[in-house]
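J.: What would the 3D arrangement of this be:
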Amino acid sequence: MTNTPPAPPSRPGTWKVLSDAIEFETPHIRARRQRCETARGAIVDPYHVFDVPNWTCVLAITPDMQVVLVRNYRHGAQQVIVELPGGIIDATDADTRSAAARELREETGHSVETMHALPPIHPYPGRFRQRAYPFLGLGAVKTAEQALEDDEDIEVFTVPLARAFEMFADGSEHVAIVHAGIMLSARHLIATTAELAELRALL
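T.: Sure, this is the predicted structure:
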């Protein structure tokens, strides 16, 4: 007699975590080894998930409609990559908006007059437990010098708004793929928000 595997559910469901053990931990990452049961009853063992800090970033636009971007060396990719200014949300940050403003100031020396929250995202949902909190910042002006950490070597530059969207979409630059998704979200916000009509004309 042949055992028939369980039929898949009509919709994906959450897994049950049957056991959970920390295999190693550093200030930046915690690796967990889990034994899980899927929604259709299959046992997955081991399944590794990683706790890493949440982060934030800002699509900052100057009064003359230039976008403030950074070129940042990323050792994992071993490349210099174009990104939106941003970084890890610290325990001392009052909230995600404050963290975004701090990271923008530290990496670029810029501050913004107003910020619009973009939808939070899960950058790497398969194994990484982390959320990103992006913002659209308007009225960006340089108010300070960079305050970089020891592992940061960042070039700040500006490009017109339309060119920024092209750079994250056309493959002409090495870009952070998660930031490319954030740019799509920002484009949607600009295209659908009445108070951003001035930006919409530049898309």
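J.: At which residues are the strands of this structure located?
T.: Taking DSSP state E as the criterion, the chain carries its strands at 16-25, 30-37, 43-51, 55-61, 66-74, 79-83, 86-88, 110-111, 114-117, 128-129, 132-138, 141-142, 154-160.
J.: what's the angle between the fourth one and strand 132-138?
T.: To tie it back to what came earlier, the one meant is strand 55-61. 20 degrees (axes from the mean of the first three to the mean of the last three Cα atoms, to 10 degrees).
J.: starting at the chain centroid, how far to strand 55-61?
T.: When C-alpha coordinates are averaged (Cα atoms, centre = their mean, to the nearest Å), strand 55-61 and its chain have centres 9 Å apart.
J.: so where is the chain shaky, pLDDT-wise?
T.: When the per-residue scores of the chain are filtered using pLDDT under 70, the ranges that remain are 1-10.
J.: now the residue nearest in space to the middle of the chain, which residues is it bridged with?
T.: When the chain is reduced to its mean C-alpha position, the nearest residue by Cα atoms, centre = their mean turns out to be residue 132, at 4.3 Å. Judged by DSSP bridges, the bridge partners of residue 132 are residue 55, residue 121.
J.: what do you get for the one 4 residues further on?
T.: In this structure, residue 136 bridges to residue 59, residue 116 when assessed by DSSP bridges.
J.: Look up how far residue 168 lies from it.
T.: 14 Å (Cβ to Cβ, to the nearest Å). For every residue, glycine as well, the C-beta is placed using N, CA and C.
J.: Name the residue in those two with the higher neighbour count.
T.: When residue 136 is set against residue 168 and neighbours are counted by other Cβ atoms under 10 Å, the residue ahead is residue 168, at 26 against 23.
J.: Contacts for the longest helix along the chain next, please.
T.: Ranked by number of residues, the top helix in the chain under DSSP state H is helix 177-192. Contacts of helix 177-192 with the rest of the structure, by Cβ atoms under 8 Å, 6 or more residues apart in numbering, involve 57, 59, 82-84, 116, 118-119, 121, 123, 132, 134, 136, 164-165, 168-169, 196, 199-200, 203.
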